[in-house]
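Engineer: A predicted structure for the sequence below; I have some questions about it.
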Amino acid sequence: MRTRGTSSRFPIEGNVDTIDPLALSEISIAADGGVRTPGVRRPGRAAAIYAAMVLGAVASFFLIGAIGEGLSAPPAVATADAATSPAARSAPSVLSHLLIALTAILVVGRVLRRVFARIGQPAVIGEVVGGILLGPSLLGAISPSAYHFVLAPSVIPYLDVVAQLGVLLYMFLVGLDLNPEHVRDEVHATVAISHASIVVPFVLGSSLALFLYPRFSTADVPFTSFALFAGVAMSITAFPVLARILTDLQISRTPLGVIALTCAAVDDVTAWCLLALVAGIVRASANGAVVVVVLALAFIGLMFGVVRPLIARWLRNAKDAEPSRSQIVVVIIGVLIAALVTEGVGLHAVFGAFLFGAVIPHDSRLAQVIAGGLEELVTILLVPAFFAITGMRTQIGLLSSPAAWLACGLITLVATAGKFGGTLVAARFGGFTWRAAAALGTLMNTRGLMQLIVLNVGLDLGVITPSLFTMMVLMAIATTMATTPALRWLVARPWSGA
């Protein structure tokens, strides 16, 4: 009988063969035409047959083993296949440690989310602080054995992959929820504000390098490279963290939230281009850095000039039909390809994921279905892993002198003044009220995720030392923690944006 399967919990595409229950009832089970009831007829015979079957299998195996022992196989050939390596064979141990790490991260993060929520802080701060508590700064200092049990060194690379995947998908969801129509009328002011929020802290950060370089750098780092990196590090706005704060405060879709997200997106893309330029200069390849910037701009133009119209046409043809599994798979593949392209260009994979989300109409049924399916998994399980990685890479024990803490405070002050001041002045010239401009400056002063990525790049390049890395991570936490209280104080009534 041919029919379309519709009764299963899992969708079945196409025609499948099913069996009519009435027809099934007419089939005789026993050879004599009756229905045999298990355990009623001849139980001794059934047991004997079962025992004979098992004993026969065991005897057969021993016979096969006796014959096989006399055989010889070809000699082993060296192979680079990772699947046959000793490390791969110990994968269950790595998996166990990864599960322990994720469990600890989620439990500690969930507890601290509530603690920080009670004092008016965004939940994301609880997750970052949870990472610090589980890392070398606290747990590692109190009990190194417990630290290595919860966060075994062998599991950190795998945990980092989980964290990066979570951030990538989260940025895709942020782009998916962005409505470009809200920003179109403010595009000129948005670009001006975002660039002002980069230029001012860049100049101040470069100036601060005059104080930091002779005290916290090394002789093998040229001052120019150090100053350039210090300026870029002061210019970052943590786009995903900002999105989390706006979501937690339920203002992500207000005019203030939309403009803040757009400014942060432009800010981070520009800052990443600057970072690519700095990395190119450090590696004595300025021409290569210019190519990175050109390719990044070309990719952005391709996404909005070609991919977005194609997706809009695709969705118009589908009308309001429920998205199929194949359509969802196509979108996920598109996210991965876009992330791969931006990673290959020299930016970060998260920008490709965000751009692909931004070119999908936010009010389409496809966007709603994908967001509903991914949001809980990403925000509950994957993103906390990234903030835990942030905390684990921070070693507060390196700041053992008063001079180091003084420098940390000075870095925080300069970073705050540059971001807030640059945004405030540009927003006022753009026609915003003082209160709206101050609120936007407060939001742009948020740091965290992107700051950590930039700092890790600097650490890998050898431009900054581990102690300076720790100072800047603490600066990122302090400025992010100041965002919510300052914003609540500034935005006491609905924001008009003018």
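Structural biologist: Here it is on my side, so go on.
Engineer: ok, now which ones touch residue 473?
Structural biologist: Applying C-beta atoms under 8 Å, 6 or more residues apart in numbering, we find residue 473 in contact with 390, 393, 394, 451, 452, 455. Just so you know, the C-beta spots here come from the backbone N, C-alpha and C atoms, and that holds for glycine as well.
Engineer: Which of the three states applies to it?
Structural biologist: Using DSSP: H, G, I helix; E, B strand; the rest coil, the three-state assignment for residue 473 comes out as helix.
Engineer: Let me know the distance separating it from residue 245.
Structural biologist: For residue 473, the distance to residue 245 (C-beta to C-beta, to the nearest Å) stands at 18 Å.
Engineer: Ok, residue 265 next?
Structural biologist: Distance from residue 265 to residue 245, by C-beta to C-beta: 15 Å.
Engineer: quick one: contacts for residue 270?
Structural biologist: By C-beta under 8 Å, 6+ apart, residue 270 lies in contact with 194, 195, 198.
Engineer: is it true that the last one lies in a strand?
Structural biologist: No - secondary structure assignment places residue 198 outside any strand; it is helix (three-state DSSP).
Engineer: The stretch 201-350 of the chain: helices as residue ranges?
Structural biologist: 223-234, 239-248, 255-282, 286-302, 308-318, 325-345, 349-358 (DSSP state H, counting those that start in this stretch).
Engineer: From the chain's centroid, how far away is the third one?
Structural biologist: For helix 255-282, the distance from its own C-alpha centre to the chain's C-alpha centre is 17 Å (C-alpha atoms, centre = their mean, to the nearest Å).
Engineer: So, low pLDDT: which residues of the stretch 1-150 of the chain?
Structural biologist: Applying pLDDT under 70 to the stretch 1-150 of the chain picks out residues 1-43, 73, 76-92, 122.
Engineer: Can I get the contacts of residue 473 in a markdown table including pLDDT?
Structural biologist: Below are the contacts of residue 473 laid out as a markdown table (pLDDT from 0 to 100):
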| residue | pLDDT |
| --- | --- |
| 390 | 74 |
| 393 | 76 |
| 394 | 80 |
| 451 | 77 |
| 452 | 73 |
| 455 | 82 |
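Engineer: Let's have the residues you listed in a markdown table, adding neighbour count and secondary structure.
Structural biologist: Output for the contacts of residue 473, formatted as a markdown table (neighbours: other C-beta atoms under 10 Å; DSSP: H, G, I helix; E, B strand; the rest coil):
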| residue | neighbour count | secondary structure |
| --- | --- | --- |
| 390 | 27 | helix |
| 393 | 21 | coil |
| 394 | 25 | coil |
| 451 | 27 | helix |
| 452 | 25 | helix |
| 455 | 26 | helix |
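Engineer: Let me know the closest of the residues you listed to residue 123.
Structural biologist: Nearest to residue 123 among those: residue 390, at 14.4 Å, using C-beta to C-beta.
Engineer: my read: that closest one touches residue 131, true?
Structural biologist: Yes - in this structure, residue 390 is within contact of residue 131 by C-beta atoms under 8 Å, at 5.6 Å.
Engineer: What segments of the stretch 1-150 of the chain are helices?
Structural biologist: 21-25, 43-68, 86-89, 91-118, 123-134, 139-142, 144-150.
Engineer: Could you export the next helix or strand after the last one as CSV, CA atoms only?
Structural biologist: It stands for helix 144-150. The first helix or strand that comes after helix 144-150 along the chain, using DSSP states H and E, is helix 156-177. Listed next in CSV are the C-alpha coordinates belonging to helix 156-177 (Å, rounded to 0.1, in the frame of the first residue of the first chain):
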residue,chain,number,x,y,z
ILE,A,156,41.3,23.5,26.2
PRO,A,157,41.8,23.3,22.3
TYR,A,158,38.5,21.4,22.0
LEU,A,159,36.7,23.8,24.3
ASP,A,160,38.0,26.7,22.3
VAL,A,161,36.6,25.1,19.1
VAL,A,162,33.2,24.8,20.8
ALA,A,163,33.4,28.4,22.0
GLN,A,164,34.3,29.7,18.5
LEU,A,165,31.4,27.8,17.0
GLY,A,166,29.1,29.2,19.5
VAL,A,167,30.2,32.8,18.9
LEU,A,168,29.9,32.3,15.1
LEU,A,169,26.3,31.0,15.4
TYR,A,170,25.4,33.7,17.8
MET,A,171,26.7,36.4,15.5
PHE,A,172,24.6,34.9,12.7
LEU,A,173,21.5,35.2,14.9
VAL,A,174,22.4,38.8,15.7
GLY,A,175,22.6,39.6,12.0
LEU,A,176,19.4,37.6,11.4
ASP,A,177,17.6,39.9,13.8
